[in-house]
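Visitor: sequence first, predicted coordinates after that:
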Amino acid sequence: MDFPSTKFKDNAESSTGLLFIRVYNKWHSIITQELRKLGITHPQFVVLTTLNFLSQSDDNVTQVSISKMADMDVMSVSQIIKGLEKKEFIKRTSNPKDSRANSVILLAKGQEMVKTALPVVEKIDDEFFGVLQENERIFRDYLNQLD
């Protein structure tokens, strides 16, 4: 059989994309396992922490503002918000500034989840990326160039 060839046929580890996805999957697996113990998914964590951050400076946080800051699809954020609302972590109310949008409010139970989950995720990040030592800042700079 004639398989398609790649410029990385002798050394797959030379593929930046392959290395990136392998490292991301390893990091994401650790995050997912730890958040599962707390009863939330990684996307739920991202929405909760984004809402927590935005709520510190805005009383009318919307799904769209969460979506923009987290760089997530608006429909995905909508589905995640529905799940978080069922768990009573958040509440949607009418937005006084825009009748077409809902405000998303972080409830006490959601704040407690953020207080619990955020240090867990930050510890994982510190340990996982800590191997980079002084190169971690440079790594972040490179990631920002790609963003």
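Guide: Yes, it's here.

Visitor: contacts, neighbours, all on C-alpha from now
Guide: OK.

Visitor: what comes up buried for the lowest-mean-pLDDT helix or strand in the chain?
Guide: Lowest mean confidence among the helices and strands of the chain (mean pLDDT, DSSP states H and E): strand 98-106, at a mean of 86. Neighbour-count burial for strand 98-106 flags Ala101, Asn102, Ser103, Val104, Ile105, Leu106 (criterion: 16 or more other Cα atoms under 10 Å).

Visitor: does the fourth one touch Thr93 like I think?
Guide: Yes: with contact defined as Cα atoms under 8 Å, Val104 reaches Thr93; the gap is 6.5 Å.

Visitor: let me see the contact set for the residue most central in space within the chain.
Guide: Nearest to the mean C-alpha position of the chain, by Cα atoms, centre = their mean, lies Val46 at 3.7 Å. Counting by Cα atoms under 8 Å, 6 or more residues apart in numbering, Val46 makes contact with Ala70.

Visitor: let's number from 639 now, not from 1
Guide: That works, and once the first residue is 639, the last one we named lands at Val684.

Visitor: before we move on, could you check phi and psi at it?
Guide: With angles defined as degrees, to the nearest 10, Val684 sits at phi -60, psi -40.

Visitor: any idea how far it lies from Phe691?
Guide: 11 Å (Cα to Cα, to the nearest Å).

Visitor: what residues do those two have in common as contacts?
Guide: Going by Cα under 8 Å, 6+ apart, no residue sits against Val684 while also sitting against Phe691.

Visitor: run through the strands of the protein in chain order.
Guide: Listed in chain order, the strands of the chain (DSSP state E) span 728-733, 736-744.
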